[in-house]
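**Student:** only geometry, no sequence info:
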């Protein structure tokens, strides 16, 4: 449990949030959910979800609270589970603005938001993150094999709490490679059926 928090969900449900929930009528329901608790460790479901993810959004904030969100992408499973409370990924060289790194140097609080558009699922992960620049072995272990990117450093993320969202309002989208594979399978099946039809027509013609 994070220092100063009674429940894991307090990482998001601050006193101000709870006051608004009370005013708008949802506090009682969320108070009951606090007893069940948000999860604070990686379980099998989260590990499987992350192993299939090829994209997520990573949020940080400066010391004065200015938020910044950056997209991170790579081959499926590039966001790795190191242990029950630690995630990690190789941070590739990019536009060299270093906003995320600057924010983390003065404010370690961070947030990971993972979307699965195909199945209309999303996972929210709160925690703290830090940059590791001088561990070549760790960087190499996190770099996806054969992926064309230059790893600049590693970002380690310590989980404080995580939760899932309902699928409401999530548009269903599919990755281009998955669509291409489905179309290729369809086209292959059409070709097989056309060949069967042609063979049957040939057999029928031969019997006349």
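**Tutor:** Right, received. Where do you want to start? A quick note: this is a predicted structure, and the numbers were derived from the prediction, not measured.
**Student:** quick check: next helix or strand after the least confident helix or strand in the chain by mean pLDDT?
**Tutor:** Least confident element among the helices and strands of the chain, by mean pLDDT, DSSP states H and E: helix 27-36 (a mean of 88). Downstream of helix 27-36, the next assigned helix or strand under DSSP states H and E is helix 44-51.
**Student:** mean confidence for that next one?
**Tutor:** Confidence for helix 44-51, expressed as mean pLDDT, is 96.
**Student:** going forward, begin numbering at 20 instead of 1
**Tutor:** Okay, residue one is now 20; in that scheme the one you just asked about reads as helix 63-70.
**Student:** so in that sheet, which strands flank the helix or strand just after it, and in what orientation?
**Tutor:** Past helix 63-70, further along toward the C-terminus, the next helix or strand under DSSP H and E is strand 74-80. Note on strand 74-80: by DSSP bridges, its sheet partners are strand 86-92 (antiparallel), strand 128-135 (antiparallel).
**Student:** flag every buried residue along the top helix by length along the chain.
**Tutor:** For the chain, the helix reaching the highest residue count under DSSP state H is reported as helix 195-225. Buried residues in helix 195-225, counted by 16 or more other C-beta atoms under 10 Å: none are found. Every residue, glycine included, has its C-beta placed from N, CA and C.
**Student:** that older thread, now tabulate the strands paired with strand 74-80 in CSV and tack on distance to residue 184, mean neighbour count and mean pLDDT.
**Tutor:** Output for the strands paired with strand 74-80, formatted as CSV (distance: least, C-beta to C-beta, whole Å; neighbours: other C-beta atoms under 10 Å; pLDDT from 0 to 100):
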stretch, distance to residue 184, mean neighbour count, mean pLDDT
strand 86-92, 17, 13, 96
strand 128-135, 10, 19, 97
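**Student:** how about those strands in JSON lines, adding distance to residue 103?
**Tutor:** Shown next, in JSON lines, are the strands paired with strand 74-80 (distance: least, C-beta to C-beta, whole Å):
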{"stretch": "strand 86-92", "distance to residue 103": "22"}
{"stretch": "strand 128-135", "distance to residue 103": "16"}
